[in-house]
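Visitor: mind folding the following:
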Amino acid sequence: MKKNTIMAIGLAMSFVAAQAFAEQTAAAVQGDAAAGKTKSETCGGCHGADGNPAAAVFPKLAGQHPSYLTKQLRVFRSQKRVDQMVMNTMAESLTDADIADISAWFAKNKVIPEKAEKNDLGQKIFRTGIPSKAVPACAACHGPKGEGNPTSVYPALGGQYSSYVGKSLHDYKSGERGNEIMQTITNRLSDEEINAVSDYVSGLQ
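Guide: Prediction:
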């Protein structure tokens, strides 16, 4: 119990440090959504013209915070986040203005949520966490409806494809995707718990 308390305190301190850093770096060029609509035509081939893709293998971008979209496009461009399929190549030629415009376009559109069935385990993890494992509630950072936090650059999760959320969580757990806080949390979750919370957030709106 004492060990879990210490782990929880350490994780909370990491959250505070990460939020302070995010607030310093979240500022981005203000994008032009109209220009972004034109610039995002290629993106629409995978992610859908409005950011709601038909295939669950691609993440929904509609309604996502521009600060988060901007951050991700920049890390793809710099190769700090690696995507073997296409994203590094797609992002490498984008200017900061292009990124801001594309982010503004997808952010202004509305995400179409999934029809998720009731999932008690997923709801519990999302809303209250798992205290016995020192796993905090997802809602603490991502909001009670999965709306995220644009200032802290925490992404909106509500309505996202459960398969994509699950893949992202497994990628954090394996270390394939870098984020110290998320890696710490996911390493305390079982596959069943990851799948449950992924299913739950897909139906939030």
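
Visitor: for stretch 89-100, measure first residue to last.
Guide: End-to-end distance for stretch 89-100, by C-alpha to C-alpha, to the nearest Å: 18 Å.

Visitor: for the protein, what spans make up the helices?
Guide: 2-25, 33-39, 44-47, 66-77, 87-91, 96-108, 120-128, 139-142, 162-174, 180-186, 191-202 (DSSP state H).

Visitor: show me what contacts residue 116?
Guide: 162, 199, 200, 202, 203 (C-beta atoms under 8 Å, 6 or more residues apart in numbering). C-beta coordinates here come from the backbone N, C-alpha and C atoms, glycine included.

Visitor: what distance do you get for the closest residue to it other than its chain neighbours to residue 111?
Guide: Excluding its sequence neighbours, the residue lying closest to residue 116 (C-beta to C-beta, 6 or more residues apart in numbering) is residue 203, at 2.8 Å. Between residue 203 and residue 111 the computed distance is 12 Å (C-beta to C-beta, to the nearest Å).

Visitor: could you list the low-pLDDT ranges of the protein?
Guide: Scanning the chain for pLDDT under 70 picks out 1-29.

Visitor: so which residue is smack in the middle of it?
Guide: residue 155 (4.0 Å; C-alpha atoms, centre = their mean).

Visitor: doesn't residue 61 make contact with it?
Guide: No: using C-beta atoms under 8 Å, residue 155 is not in contact with residue 61, being 10.3 Å away.

Visitor: sorry, back to before: near the residue nearest to residue 116, how many other residues are there?
Guide: Number of residues near residue 203 (other C-beta atoms under 10 Å) recorded here: 19.

Visitor: quick one: it and residue 112 touch, right?
Guide: No: contact criterion C-beta under 8 Å: residue 203 and residue 112 do not qualify, at 11.6 Å.

Visitor: give me the common contacts of the two.
Guide: In contact with both residue 203 and residue 112: residue 159, using C-beta under 8 Å, 6+ apart.

Visitor: from residue 124, how far out is the residue nearest to the centre of the chain?
Guide: Residue 155 is 21 Å from residue 124, by C-beta to C-beta.

Visitor: got it, and residue 48?
Guide: Taking C-beta to C-beta, one finds residue 48 at 32 Å from residue 124.

Visitor: pick out whichever of these two has more residues nearby.
Guide: A side-by-side neighbour count of residue 48 and residue 124, using other C-beta under 10 Å, places residue 48 first with 20 against 16.

Visitor: what residue, apart from its backbone neighbours, is nearest the more buried one spatially?
Guide: Here the residue nearest residue 48, using C-beta to C-beta, 6+ apart, is residue 54, at 6.6 Å.

Visitor: domain parsing of the protein, as residue ranges.
Guide: For the chain, automatic domain parsing gives the domain ranges 2-24+113-202, 31-108.
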